[in-house]
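1. Compute the structure for the input listed below.
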Amino acid sequence: MLETSRTRIRRLRLFLRDFRVVEANASFADGQSLAHYLAQRRAWVTLLDAHWPGTGDRSPVIALRVHQILWIETHNGEVPAVTSSAAPNPRAVEVRLDGGLVLRGCLPMLEGQRLADYLESAGAFVPLMQAHLLRNGRPPRKTNVVLHDVAINRDAIQTVSEAEKTPAEPPH
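-> The predicted structure follows:
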């Protein structure tokens with residue numbers, strides 16, 4: 001008997017390298033993570049019902065160059081950055097990206113694994129769990145935006161350093 005995986009349409013928010021944001025739909029297989037989804041695309045990703053918040057621009061279908069993505073998340077965090085079985089020992093980190101943006105979250109690392117070794121093996125998009133975009137500037141840094149799980153374009157990462165812990169969510 002031939003098994004087929006079911007796909008579901010998920011709403012994505014993509015932060016682009018030019019600091020624009022596009023929200024769009026894409027098909028995900030059941031159990032597929034953000035990092036795996038992007039690993040399956042070498043150059044282009046097809047997005048449906050795309051719109052750019054704040055501009056009013058819309059398009060029913062677009063093909064977006066994968067290398068233009070800075071990071072990607074699902075609209076309500078409904079798709080994890082990485083499968084839970086691949087996250088045995090989350091390590092708190094701060095990730096400095098092109099343009100001076102700083103994210104804080106957890107990398108799904110093995111016990112005793114070196115940070116550089118993990119990043120070398122992570123693939124084109126690095127999963128960051130419980131991600132927070134931090135305010136720019138010197139400490140004390142406070143959370144600017146709670147992002148959920150994201151997959152970050154490895155080519156846009158300047159540095160990754162260990163952090164004490166992930167910041168608490170700001171009061172509502």
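
2. Just to check, residue 144 is in contact with residue 131?
-> No. Using C-beta atoms under 8 Å, residue 144 makes no contact with residue 131, being 11.5 Å away. In this view, the C-beta of every residue, glycine as well, is placed from N, C-alpha and C.

3. So which of the two has more stuff around it?
-> A direct count of neighbours by other C-beta atoms under 10 Å for residue 144 and residue 131 places residue 131 higher, at 24 against 15.

4. For the more buried one, which residues are in contact?
-> If a contact means C-beta atoms under 8 Å, 6 or more residues apart in numbering, then residue 131 has 71, 73, 81, 103-105, 146-150 as its contacts.

5. Three-state assignment for it, please.
-> Look at residue 131: counting by DSSP: H, G, I helix; E, B strand; the rest coil, its state is strand.

6. tell me the pLDDT at the residue lying closest to residue 162 once chain neighbours are set aside?
-> Leaving out its chain neighbours, the residue that sits closest to residue 162 by C-beta to C-beta, 6 or more residues apart in numbering is residue 93, at 5.9 Å. Looking at residue 93, its pLDDT stands at 96.

7. The helix or strand hosting residue 93: which residues count as buried?
-> Per DSSP states H and E, residue 93 falls inside strand 89-97. Across strand 89-97, burial judged by 16 or more other C-beta atoms under 10 Å covers 90-97.

8. about what we covered before: what's the separation between the residue nearest to residue 162 and residue 129?
-> 10 Å (C-beta to C-beta, to the nearest Å).
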